[in-house]
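Novice: need coordinates for the following:
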Amino acid sequence: MQSLPFDRLGRFWRGNLHTHSDQSDGALSPAATAQYYRDAGYDFLAVTDHFRSEYGFPLTDTTPLRTEGFTTLLGAELHAPRTEAGPSWHIVAVGLPLGFAPPGPEETGPQLARRARAAGAYVGMAHPAASLLSSADAESLDAAHAVEVYNALAAREDRGDSWHLTDVLLNRGHRLHAYAADDAHLQPQDPPGCAAWIQVRAESLDPDQLLAALKAGHYYSSTGPELLDISLANGHITVRCSPVRKVLITGGAPGAQVVQGRDLTDCTLPLAMFRGGFCRVTVEDDTGGRAWSNPIHLAPTAGSSDTGAAFSVATSRAPDPRRDQEPRRGPHRRDRRGAEGAGSETELVAPGSAP
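Specialist: Alright, predicted model coming up:
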């Protein structure tokens, strides 16, 4: 089980892992692209130009763009044949060494990803929904650390969200993290950049520390809200966040635990429905912006029953009994049950909100 990042040493650093410059099909130079993100308050950026022959297989060297308070990670978007629906894979590889060799004539996408990971890269499955990846495709990419669960550029074709495939893979036992990214090209016809990002917990902006934190899953993703803390104790999960209208716990079972209201910042929900599998947190603010935790892998504690009355997760925090309290509930509470009669969703509506 992974450690949750919120009480780890250091702080959260905001960055984007999927970006293109004019070294492939982006609009701006690497320097101007980095300046665009630095001016928007980002702490780090990975320029991941398309690693294709028509662009000369660029692995864009952004090390000269590192300054005090802003750094870069070297990477590329790798391509090789083929997926079930398309002629080539799209694979984000961050932390590649300069001089990484182009794909060989017979090298497949999964083989290229394995070589990138062996070279030290963090490997992401780029925009699965937009690429129409099948579950068989996804399972063959066995070198991936993570799935790009939200791609802001793909959202314009209504294929930005790839959580369904991710949940299927997690339920099949694949230990994957999840990240959101812009896939920014900054072309005039594109949606604005700085629309989706990750917050990485590390002691400093040292690129090696950021890369290690990525591989360990010490981050969360967002298009707006902040996740301030997630903790688990006594079969419950407690979420603290910036003001939102919805807190959602989903995972390896159909249904969800939901709290809705105004300016929610702290709530506690039971984990029994996930029965020692995995869960994840989604929060949504008044503008529709969302933030997502990485999947949290649970395990039954000694003596727990099959109903999942108690779970544990590896964390660095000592249990705090104050966090085991349920949030104060208003007069409106609804339980919605699935077709099979099992409790598939519980919705707690805060005082003053619509029933």
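Novice: from now on I want contacts and neighbour counts done on CA atoms only, so please keep to that.
Specialist: OK.
Novice: and Val123, what pLDDT?
Specialist: In this model, Val123 is scored at 98, pLDDT.
Novice: quick one: contacts for it?
Specialist: Counting by CA atoms under 8 Å, 6 or more residues apart in numbering, Val123 makes contact with 91-94, 113, 116-117, 143-146.
Novice: tell me which residue lies nearest the centroid of the protein.
Specialist: For the chain, the residue nearest the mean C-alpha position is Tyr179 (2.3 Å; CA atoms, centre = their mean).
Novice: what secondary structure does that one sit in?
Specialist: What DSSP: H, G, I helix; E, B strand; the rest coil gives for Tyr179 is strand.
Novice: least trustworthy helix or strand in the protein by mean pLDDT?
Specialist: strand 333-336 (a mean of 34; mean pLDDT, DSSP states H and E).
Novice: coming back round to it: between the contacts of Val123, which has the most around it?
Specialist: Val92 (32 neighbours; other CA atoms under 10 Å).
Novice: mind listing what it touches?
Specialist: Neighbours of Val92 in contact, by CA under 8 Å, 6+ apart: 17-18, 48, 75-78, 123-126.
Novice: show me where the stretch 1-150 of the chain has its strands.
Specialist: Taking DSSP state E, counting those that start in this stretch as the criterion, the stretch 1-150 of the chain carries its strands at 11-16, 44-47, 50-51, 71-78, 91-94, 122-125, 146-151.
Novice: direction included, what does the first one pair against?
Specialist: Strand 11-16 has its sheet partners listed here by DSSP bridges as strand 44-47 (parallel), strand 197-202 (antiparallel).
Novice: would you turn those into JSON lines with mean neighbour count and mean pLDDT?
Specialist: As requested, the strands paired with strand 11-16 are arranged in JSON lines below (neighbours: other CA atoms under 10 Å; pLDDT from 0 to 100):
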{"stretch": "strand 44-47", "mean neighbour count": "26", "mean pLDDT": "98"}
{"stretch": "strand 197-202", "mean neighbour count": "25", "mean pLDDT": "98"}
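Novice: who touches stretch 150-160?
Specialist: 127, 129-130, 149, 161-163, 179-184, 190-191, 195-196.
Novice: go on, stretch 207-219?
Specialist: Residues from elsewhere that reach stretch 207-219 (CA under 8 Å, 6+ apart): 2-5, 12, 71-73, 94-95, 122, 145, 177, 198-204, 293-294.
Novice: same thing with stretch 276-296?
Specialist: Contacts to stretch 276-296, defined as CA under 8 Å, 6+ apart, come from residues 1-2, 170-171, 176-179, 217, 219-227, 243-252, 297-300, 308, 311, 313.
Novice: and if we set it to 6 Å?
Specialist: The contact list for stretch 276-296 (CA atoms under 6 Å, 6 or more residues apart in numbering) reads 177-178, 220-225, 244-252, 297-300.
Novice: as a check, name the ranges of all helices in the stretch 101-250 of the chain.
Specialist: With helices called from DSSP state H, counting those that start in this stretch, the stretch 101-250 of the chain shows them at 109-118, 128-131, 135-140, 163-171, 207-216.
Novice: tell me which of those sits nearest to Leu271.
Specialist: The closest of the helices of the stretch 101-250 of the chain to Leu271 is helix 163-171. By CA to CA, the value is 16.1 Å.
Novice: adding distance to Glu84, write the strands of the stretch 1-150 of the chain out as a markdown table.
Specialist: Formatted as a markdown table, those follow (distance: least, CA to CA, whole Å):
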| stretch | distance to Glu84 |
| --- | --- |
| strand 11-16 | 28 |
| strand 44-47 | 27 |
| strand 50-51 | 20 |
| strand 71-78 | 17 |
| strand 91-94 | 15 |
| strand 122-125 | 15 |
| strand 146-151 | 18 |
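Novice: residues near the closest residue to Glu139 other than its chain neighbours, how many?
Specialist: Nearest residue to Glu139 in three dimensions, chain neighbours excluded: Leu169, at 7.3 Å (CA to CA, 6 or more residues apart in numbering). For Leu169, the tally of surrounding residues (other CA under 10 Å) stands at 19.
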